[in-house]
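Participant: Provided below are the primary sequence and the corresponding predicted coordinates.
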Amino acid sequence: MLAAFDQSAALVRNFHTQQAQARDEECQRRAGRPDSRSTKAATSDCGCGTVVVGRWTGRETRALREALRMTVHDFVQHLGAAPVTVSGWEHRHTSTPPPTMATQAALDETLTLADSNAKARFLLILDTPNHHT
């Protein structure tokens, strides 16, 4: 039964990934290729709307949460992390360690599954200098 659940969850993830890619491709077809970004997050060279983050820090984590229009509580539940941990990532003055590799993988997947509007908001938030609100 657990194996069937895991297979079902994988199929759902693949379906959502394909939907997001199709939306991004359609958006790219209509609007043309996006301009390049100077942030740590960048669109891939394929023009398909894929956004890649090299290393997740509190800045990128907060930008993703805000781009998804999630509260800290909702974001914590989505990632399966502790509220104090996510708050620590987002506030530079704390001594919370950066996200673990497993958490970074979860953040990667969350960003991959986000729709093209959320990805665009993510990049805009990262491009906003001194974004602390």
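Facilitator: All right, it came through fine. Residues are numbered from 1 along each chain as shown.

Participant: Bridging across strands, which residues link to the closest residue in space to residue 119 that isn't next to it in sequence?
Facilitator: Take residue 119 and drop its neighbours on the chain: the residue closest to it by C-beta to C-beta, 6 or more residues apart in numbering is residue 51, 4.9 Å away. Heads up, the C-betas are built off the backbone N, CA and C, glycines and all. Listed by DSSP bridges, the beta-bridge partners for residue 51 are residue 43.

Participant: Show the end-to-end separation of stretch 53-70, please.
Facilitator: The first and last residues of stretch 53-70 sit 19 Å apart, counting by C-alpha to C-alpha, to the nearest Å.

Participant: Likewise for stretch 76-90?
Facilitator: This stretch, stretch 76-90, spans 12 Å end to end (C-alpha to C-alpha).

Participant: Same question for stretch 106-124.
Facilitator: Chord length of stretch 106-124, first to last residue, is 21 Å (C-alpha to C-alpha).

Participant: Same check on stretch 90-107?
Facilitator: So stretch 90-107: terminal residues 14 Å apart, C-alpha to C-alpha.

Participant: What mean pLDDT does it get?
Facilitator: For stretch 90-107, mean pLDDT rounds to 77.

Participant: How much space separates the residue nearest to residue 119 from residue 8?
Facilitator: Per C-beta to C-beta, to the nearest Å, residue 51 is found 27 Å from residue 8.
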